[in-house]
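[1] Sequence and predicted structure below; questions after.
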Amino acid sequence: MKNENNQPPEDGKSDRREMLQKLGRFAAYAAPFTILAMTKKADAATGHGPGRRG
Amino acid sequence: MRFPVRYCRFLAISLLLLPLAALADDIQINGTCVVGTCPPPSGTSDALQYGQSTGPTSGSYLLTFGDGDKYSISWTFEAYYDDSGTEIIVDPVATYAGSSPSVGNDLINFDAFQNFYAGGPGNWDGDYTETIPLALTGSVGAGSTVAAQLFWSGQGLGEVGPYGPGYYNAQNTVDLTGLDANTLTAEYEFAFDFTAGTLNGASAFSGVPEPSSVQLLILMLAGTAVVCGLAARRRSGYTK
């Protein structure tokens, strides 16, 4: 059902939305550090093989 | 189907902590194993199996020769075993850290190891490629060089170098056979030779940082946000 009147959600649902907002903020702050940590050394010395084949 | 909020939180935190999940790498400098076990033992205990990866990890080590010459050595390391095969990525840097010119001929051997394991029938035979950027910069002593080579289960793909000061990039591909054992070993060897008269800050290294697998992580985080957002809307009574 569409909430046409923009009524606040029932109790419990608002808690979840708050939690999701907090999670969103946490992700926004942590993402740059995570991305930095995931940075690959694209110009580093690399080696590649085919993997094991049966 | 319900999608509990706690699952969203768990998923997002797991994604953010993903870079910290790493199997140990093994690094040896001038015969001293500074990380892990060098060389790692055969079998599953120190090997990547299909679908696994390690790193990126990083480390540093201060190497002091008997004559007092000091070098700051740092590195990053990562390895993968997935649909595209086996891969190892190493980025060592050695920098002369003495305040006065070096007095001896200082050879630094940096070796990075990674084992891969797969049980059952088959072999690891096929084309293997090494791609090696090398650089020697700063005020190095006359005759200083850099060189490197990747070995797969003891079979070398060809030495790159030795090169004098400057920037270089080389690639070799070799069709290797006889790789029947369950364990495939990779050993990346770097030889940095600084002669006497090297000055503070002179460096030998392989590679510079550049973003790459960032897109995948962004996609995963965005997907998590969308799924969690839709779940939140549904549970809040908002429908389209």
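    Looks like it arrived, so ask away. Numbering: from 1, shown residues only, chains lettered A, B, ... in the order given.
[2] For residue B:35, give its distance to residue B:147.
    According to C-beta to C-beta, to the nearest Å, residue B:35 stands 22 Å off from residue B:147. All C-beta spots, glycine's among them, are computed from the backbone N, C-alpha and C.
[3] give me the number of residues near residue A:19?
    Per other C-beta atoms under 10 Å in any protein chain shown, the neighbour tally for residue A:19 reads 15.
[4] hang on, it in a strand?
    No. Going by DSSP: H, G, I helix; E, B strand; the rest coil, the assignment for residue A:19 is helix, not a strand.
[5] ok, what's across the strand from the closest residue to residue B:39 other than its chain neighbours?
    Nearest-residue entry for residue B:39: residue B:113, 5.1 Å, with adjacent residues in sequence omitted and distances by C-beta to C-beta, 6 or more residues apart in numbering or on different chains. Note on residue B:113: beta-bridge partners by DSSP bridges are residue B:26, residue B:187.
[6] ok, residue B:113 - contacts?
    B:25-28, B:36, B:38-40, B:185-188 (C-beta atoms under 8 Å, 6 or more residues apart in numbering or on different chains).
[7] Neighbour count and pLDDT added to the residues you listed, as JSON lines?
    Shown next, in JSON lines, are these (neighbours: other C-beta atoms under 10 Å in any protein chain shown; pLDDT from 0 to 100):
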{"residue": "B:25", "neighbour count": "25", "pLDDT": "78"}
{"residue": "B:26", "neighbour count": "20", "pLDDT": "94"}
{"residue": "B:27", "neighbour count": "24", "pLDDT": "97"}
{"residue": "B:28", "neighbour count": "20", "pLDDT": "97"}
{"residue": "B:36", "neighbour count": "17", "pLDDT": "93"}
{"residue": "B:38", "neighbour count": "17", "pLDDT": "95"}
{"residue": "B:39", "neighbour count": "16", "pLDDT": "94"}
{"residue": "B:40", "neighbour count": "21", "pLDDT": "95"}
{"residue": "B:185", "neighbour count": "20", "pLDDT": "97"}
{"residue": "B:186", "neighbour count": "24", "pLDDT": "97"}
{"residue": "B:187", "neighbour count": "23", "pLDDT": "97"}
{"residue": "B:188", "neighbour count": "27", "pLDDT": "97"}
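[8] out of those residues, who's nearest residue B:54?
    Nearest to residue B:54 among the contacts of residue B:113 is residue B:25, at 6.0 Å by C-beta to C-beta.
[9] quick one: low-confidence ranges for chain B?
    B:1-24, B:207-240 (pLDDT under 70).
[10] Could I get the full set of helices for it?
    Residue ranges of the helices in chain B, as given by DSSP state H, are B:5-17, B:214-235.
[11] could you show me where the strands are in the chain, in order?
    If you meant another chain, say so; for now it's chain A. Counting by DSSP state E, chain A has strands at residues A:45-49.
[12] Wait, chain B was what I had in mind.
    Along chain B, the segments classed as strands by DSSP E run B:26-29, B:32-35, B:47-48, B:53-64, B:70-82, B:85-96, B:106-117, B:126-137, B:145-152, B:155-156, B:160-163, B:166-176, B:183-194, B:203-205.
[13] That concludes my questions; thank you for your assistance.
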